[in-house]
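Student: generate coordinates for the sequence data below:
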Amino acid sequence: MTGGTAHARTINENLARLCGKYKLGMGLGSCRPLLTSSERTAEFAVRKFMGNQPLFANIGIAQVEELVDQGKTGKLGELVRSLEADGLFIHLNPLQEWFQPEGDRFKVSPLVTLRTLFDRGVEYPVLVKEVGQGMGPRSIKALLELPIKGIELGAFGGTNFTLLESLRGVDEQTKKAFITVGHTALEMIEIINALPTRDKEFIISGGIKNVLDAYGLKTRLQANSVIGMAHAFLAPAMESFEALETYFLNLRESLLTAKGLLDLKEDG
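Tutor: Numbers count the residues shown, from 1 in each chain. The predicted structure follows:
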């Protein structure tokens, strides 16, 4: 889930233990540091806590572009194997990078980079996720045509990383309007429902603030999907495993209650 903080190892280990005990899946935070050094491997090495539950490494599209340019895409496979992961998340965050003074600048479209990666051969499942702004119809359609395993709808309405970057004090008024650009999870679900999904799987995560959001969005998406939550789990995971377990069990009970008692209102 996370990396690069003083509490990363504690958070990741507690989350992994929860996944192993209750048969959940887990996606790691950005594994970028592991491409050049093994110094922080312990923060991410959580397979031993999870058993056979799904575990995915995570890297940014900017790093994939760099590895494609260098002819070193094999390092991504090495990363997946070193963490005993089942596959790789590739996250797309162009607006976040643009807001960072030190951020990466893309030479080509992320779609071009992804196509090149697959053309060179990929022996592990790949999921693509957007970070905080969501994706529109053309992007989703193009992604569905790639040999990816699935898409995470890290939509507008959840953690807005572009907004967070703006709070670092970069005084560029011309950029401020971009903070509100994006597609919500519901908008993306409506787009996906109108397209052939080609047996892709989906994780709905962005903008889920409570169990009713989760239940409503998952019910509306006609394709195979699961709910993903990140920020809400961080505080209890940092506190203790017991606090995390209590939070999860209460959440699960609420979701089961919603499923058992509620139907969605008809549109219109």
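
Student: can you give me the helices in the chain?
Tutor: Remark: helices assigned in the chain by DSSP state H are 8-22, 41-44, 47-50, 61-70, 74-82, 94-99, 110-119, 137-144, 161-166, 185-193, 211-220, 231-239, 241-261.

Student: nearest to Ala155, out of those?
Tutor: Shortest distance between Ala155 and the helices of the chain, using CB to CB, is found for helix 185-193: 3.9 Å. Bear in mind the C-beta positions are built from the backbone N, C-alpha and C, glycine included.

Student: which strands or helices does the closest one pack on?
Tutor: helix 137-144, strand 150-153, strand 201-204, helix 211-220 (3 or more CB pairs under 8 Å, 6 or more residues apart in numbering; DSSP states H and E).

Student: reformat the helices of the chain as CSV; add distance to Ala177, mean pLDDT and mean neighbour count.
Tutor: Output for the helices of the chain, formatted as CSV (distance: least, CB to CB, whole Å; pLDDT from 0 to 100; neighbours: other CB atoms under 10 Å):
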stretch, distance to Ala177, mean pLDDT, mean neighbour count
helix 8-22, 33, 95, 20
helix 41-44, 36, 90, 19
helix 47-50, 42, 97, 17
helix 61-70, 23, 96, 19
helix 74-82, 35, 96, 16
helix 94-99, 11, 70, 20
helix 110-119, 22, 96, 18
helix 137-144, 20, 96, 17
helix 161-166, 11, 61, 19
helix 185-193, 19, 95, 21
helix 211-220, 26, 92, 18
helix 231-239, 25, 90, 17
helix 241-261, 35, 95, 14
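
Student: tell me the pLDDT of Lys107.
Tutor: pLDDT for Lys107: 87.

Student: neighbours of it, just the number please.
Tutor: 12 (other CB atoms under 10 Å).

Student: which residues touch it?
Tutor: Glu65, Asp69 (CB atoms under 8 Å, 6 or more residues apart in numbering).

Student: what's the answer for Thr41, then?
Tutor: Neighbour list for Thr41: Leu34, Ser82, Leu83 [criterion: CB under 8 Å, 6+ apart].

Student: wait, the first one sits on Leu79?
Tutor: Yes - in this structure, Leu34 sits in contact with Leu79. The criterion is CB atoms under 8 Å, and the distance is 5.9 Å.
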